[in-house]
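[1] can't give you the sequence, but here's the structure:
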């Protein structure tokens, strides 16, 4: 697992993103996703892995920065199991 800073420019602070999965694993999950909510969250993570800011990734998947920040917190706490809806 690797931590890397994530730009939260709107609030002027950084947040860490835990890389629970490799980019290849993330890509595989994207191809297997059969629920739109799961797919959307995986796309969001892929954008962050690729260097997008939180605001850019949130905008690209159509969620608020607050929701995106919550997703990052949940991802960091427990990976895919915490991020995806039950």
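    Okay, I see it. Values in this document were obtained by computation on a predicted structure and should not be read as measured data.
[2] ok, residues contacting the helix or strand containing residue 28?
    Element membership for residue 28 (DSSP states H and E) is helix 23-32. The contact list for helix 23-32 (CB atoms under 8 Å, 6 or more residues apart in numbering) reads 21, 39, 42-43, 45-46, 49, 80. C-beta: built from backbone N, CA, C; applies to glycine.
[3] for the protein, what spans make up the strands?
    3-8, 13-18 (DSSP state E).
[4] And those strands, which one averages the lowest pLDDT?
    Per-segment mean pLDDT for the strands of the chain reaches its minimum on strand 3-8, at a mean of 54.
[5] re the thing from before, mean confidence (pLDDT) on the helix holding residue 28, please.
    Averaging pLDDT along helix 23-32 gives 95.
[6] buried stuff in that helix?
    Using 16 or more other CB atoms under 10 Å as the test for burial, helix 23-32 gives 26, 29.
[7] Ok, stretch 53-62 next?
    By neighbour count with 16+ other CB under 10 Å, stretch 53-62 contains the buried residues 53-58, 61.
[8] Among the residues you listed, name the ones in helices.
    Residues of the buried residues of stretch 53-62 located in helices (DSSP state H): 54-58, 61.
[9] pretty sure residue 68 contacts residue 53?
    No: counting by CB atoms under 8 Å, residue 53 is not a contact partner of residue 68; they are 9.8 Å apart.
[10] list residues touching both of these two?
    What both residue 68 and residue 53 touch, as defined by CB under 8 Å, 6+ apart, is an empty set.
[11] centroid residue for the protein?
    The chain has residue 45 as the residue nearest its centroid, 3.0 Å off, counting by CA atoms, centre = their mean.
[12] ok, that residue - contacts?
    Residue 45 touches 21, 26, 75, 83, counting by CB under 8 Å, 6+ apart.
[13] Just give me the closest of those to residue 15.
    residue 75 (10.7 Å; CB to CB).
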